[in-house]
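S.K.: Generate coordinates for the sequence data below:
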Amino acid sequence: MSNPTVDTNYEEPNAELIEKVRLGSQKAQYQLYEKYVRAMYHVCVRIVGKGHEAEEVLQDAFVRAFMRIEEYRGDAAFGAWLKRIVINTSINFLQKKKIDLVSLDEMLVEPAIEEDENSENDFAEMNIQTGISEKITKHNSEVSRVKEAINKLSDGYRIVLSLYLFEGYDHEEIGEILGISSSTSKSQYSRAKKRLRTML
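M.R.: Take a look at the predicted model:
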């Protein structure tokens with residue numbers, strides 16, 4: 001997720017509420033929490049994988065955000081600033097559990113063919129390119145099936161897939177976040193897609 005150009009004319013719609021949080025209003029904290037909790041919970045689930053652990057990470061992330069509220073300058077969306085904290089908290093949670101972000105078969109199997117990020121081989125292009133997107137629009141049960149399949153991926157696969165696909169990070173940024181090379185991120189992403197295809 002390349003950092004967007006700072007918009008000096010940006011006006012944060014929740015600026016007044018954020019200022020009240022800065023001044024210590026617990027009511028404002030709750031109101032801000034309610035505005036973002038649902039979206040941020042989904043971010044946690046996509047990375048952490050388990051609902052009860054995602055809830056734990058989410059609470060921790062909001063506590064960190066409120067403690068660091070002075071760092072928010074208001075020159076970009078508060079939601080984007082908050083999401084970065086949520087993502088970092090989620091990754092830290094997994095690292096504390098000593099999750100190996102590079103799966104063992106990554107070391108043993110021949111390197112995956114690198115895919116051009118602009119090629120038609122991407123998840124968007126893949127659509128999950130097995131026609132899943134069409135199925136999703138036809139029946140809600142397919143949505144649940146895809147979500148369940150993603151949650152069943154190994155942690156390394158799921159994290160890279162989620163960061164690249166849903167959160168908008170590129171492979172270089174993912175590498176920096178996870179402490180792996182960009183080529184390993186690409187390989188993990190490629191293998192995650194292949195694994196997901198077999199599960200669907």
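S.K.: and the longest helix anywhere in the chain, which residues are buried?
M.R.: Assignment by DSSP state H gives helix 26-48 as the longest helix of the chain. Across helix 26-48, burial judged by 16 or more other C-beta atoms under 10 Å covers 28-29, 32-33, 35-36, 40-41, 43-48. Backbone N, C-alpha and C define where each C-beta goes, glycine included.
S.K.: what do you get for stretch 184-200?
M.R.: 184-193, 195-196, 200.
S.K.: Return the alpha-carbon coordinates of the longest helix of the chain using PDB.
M.R.: Only the C-alpha atoms of helix 26-48 are listed here, as PDB (Å, rounded to 0.1, in the frame of the first residue of the first chain):
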ATOM      1  CA  GLN A  26     -14.500   8.300  26.900                       C
ATOM      2  CA  LYS A  27     -17.900   8.900  25.200                       C
ATOM      3  CA  ALA A  28     -16.000  10.100  22.100                       C
ATOM      4  CA  GLN A  29     -13.800   7.000  22.200                       C
ATOM      5  CA  TYR A  30     -16.800   4.800  22.200                       C
ATOM      6  CA  GLN A  31     -18.400   6.600  19.400                       C
ATOM      7  CA  LEU A  32     -15.200   6.500  17.300                       C
ATOM      8  CA  TYR A  33     -14.900   2.800  18.200                       C
ATOM      9  CA  GLU A  34     -18.400   2.100  17.000                       C
ATOM     10  CA  LYS A  35     -17.800   3.800  13.700                       C
ATOM     11  CA  TYR A  36     -14.800   1.600  12.800                       C
ATOM     12  CA  VAL A  37     -15.100  -1.600  14.800                       C
ATOM     13  CA  ARG A  38     -16.900  -3.700  12.200                       C
ATOM     14  CA  ALA A  39     -14.500  -2.900   9.300                       C
ATOM     15  CA  MET A  40     -11.400  -3.300  11.500                       C
ATOM     16  CA  TYR A  41     -12.600  -6.600  12.800                       C
ATOM     17  CA  HIS A  42     -12.700  -8.000   9.300                       C
ATOM     18  CA  VAL A  43      -9.200  -6.800   8.800                       C
ATOM     19  CA  CYS A  44      -8.100  -8.700  11.900                       C
ATOM     20  CA  VAL A  45      -9.900 -11.900  10.900                       C
ATOM     21  CA  ARG A  46      -8.300 -11.900   7.400                       C
ATOM     22  CA  ILE A  47      -4.900 -11.800   9.000                       C
ATOM     23  CA  VAL A  48      -5.200 -13.600  12.300                       C
END
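S.K.: And the buried residues of helix 26-48, which is closest to Glu19?
M.R.: Ala28 (8.3 Å; C-beta to C-beta).
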